[in-house]
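1. this is the structure alone, sequence omitted:
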């Protein structure tokens, strides 16, 4: 086997490599070199419109926003409100008929439900019988008054006879022709006749008092019986519960045939959908330029895109916390200032194109750019 020995590098191998020869520069064509700068210096009409139009539009939009943003206040703490009437029966009894259903539109005077009226009809009949009884009593009193007049006449005659007899006994007593007993008996007869006359006169006065009439010219007993009958007739009429005003029926599920209705207990609710308004709870810091009559815009979460015109009708006389069940106690040591909210009622200036529902969430924007006139002007 042949052993290879390592070779040493020579001086030629240690020299650096030669650089490659440089290529001759190629000159661009005269036509192309002159046209390139001209194309770059002349942008098209679309580029110019984009370059100048967009900033101008942004400036205009910003100016409009700056001018109008300070002339209005808005809040989303607002809800649609409607008048609600809780209808209750004025008399108690079993429900025999339900004439409405949930969501039904009713007019004032429409029948809502009916209560069993038989017990009240019997009360009317009983009151009529009481009137007849009172008239009979008046007739008896008239007869008693006539009888007392007769008794007075008889008592007066008895007195005259007793006094004449007493005078005879007194004359005989002076002459000694009668006894002491006969004299005392005649005297007692006079006193008894006078007492009978007094009793007859008292009975006559009592009969006249019972027959006396008041300002109505009718005997009080008869008048009281008539009032009882009128009250019974009113109660009978109240067994038909009717709508006090127009509106939409709500919470009518409590009306069931056969259910015992308690007088005064709310049975159904009528919502006046024809006259809605919005109660907006604005921060107290938003009221500086707000006053009654300013225009407003109403938007509803339930109806995207719907805008209804309105105006500020009233501004609350107190904050919401002032009328709460438990008013805030600000005189305590751990008091923390909280921005208060004031209820503002916004009325509709036009009929909404969609049905309004009580309690709908609303966004209210009040235009305050015109400001408020000074008080007293």
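-> All right, it came through fine. Predicted, not measured: the structure shown is a model, and the values here were computed from it.

2. so where's the stretch 151-300 of the chain uncertain?
-> 212-217 (pLDDT under 70).

3. same thing but at 90, please
-> Counting by pLDDT under 90, the stretch 151-300 of the chain shows low-confidence ranges at 151-224, 226, 253-254, 274, 288.

4. helices of that one, start to end?
-> 180-210, 220-237 (DSSP state H, counting those that start in this stretch).

5. next, the buried residues of the last one.
-> Of all the residues in helix 220-237, those buried under the rule 16 or more other CB atoms under 10 Å are 221, 222, 223, 225, 226, 228, 229, 232, 233, 235, 236. (C-beta placed from N, C-alpha, C; glycine too.)

6. just the first one next, same as before
-> Of all the residues in helix 180-210, those buried under the rule 16+ other CB under 10 Å are 183, 186-187, 189-190, 193-194, 196-197, 200-201, 203-204, 207, 210.

7. so in terms of bridging, what pairs with residue 346?
-> residue 278, residue 312 (DSSP bridges).

8. quick check, residue 297 in contact with residue 307.
-> Yes. Using CB atoms under 8 Å, residue 297 is in contact with residue 307, at 5.8 Å.

9. neighbour count winner among the two?
-> residue 297 (16 against 13; other CB atoms under 10 Å).

10. about what we covered before: which of the buried residues of helix 180-210 lies closest to residue 101?
-> For the buried residues of helix 180-210, the residue nearest residue 101 by CB to CB is residue 210; the value is 56.7 Å.

11. was I right to think the closest one contacts residue 139?
-> No. When contacts are counted by CB under 8 Å, residue 210 is not listed as touching residue 139 (11.6 Å).

12. burial measure for residue 316, as a count.
-> 17.

13. need the contact list for the nearest residue to it once chain neighbours are set aside.
-> Of all residues not flanking residue 316 in the chain, residue 343 sits nearest, at 4.0 Å (CB to CB, 6 or more residues apart in numbering). Shown in contact with residue 343 (CB atoms under 8 Å, 6 or more residues apart in numbering): 279, 280, 281, 316, 320.

14. and the second one, how far from residue 343?
-> Applying CB to CB, to the nearest Å, the value for residue 280 to residue 343 is 7 Å.

15. picking up where we left off before, nearest to residue 117, out of the helices of the stretch 151-300 of the chain?
-> Using CB to CB, these put helix 220-237 closest to residue 117, at 5.5 Å.

16. now for the host helix or strand of residue 143, which elements pack on it?
-> Per DSSP states H and E: residue 143 is located in helix 118-175. For helix 118-175, the packing partners by 3 or more CB pairs under 8 Å, 6 or more residues apart in numbering; DSSP states H and E come out as helix 180-210, helix 220-237.
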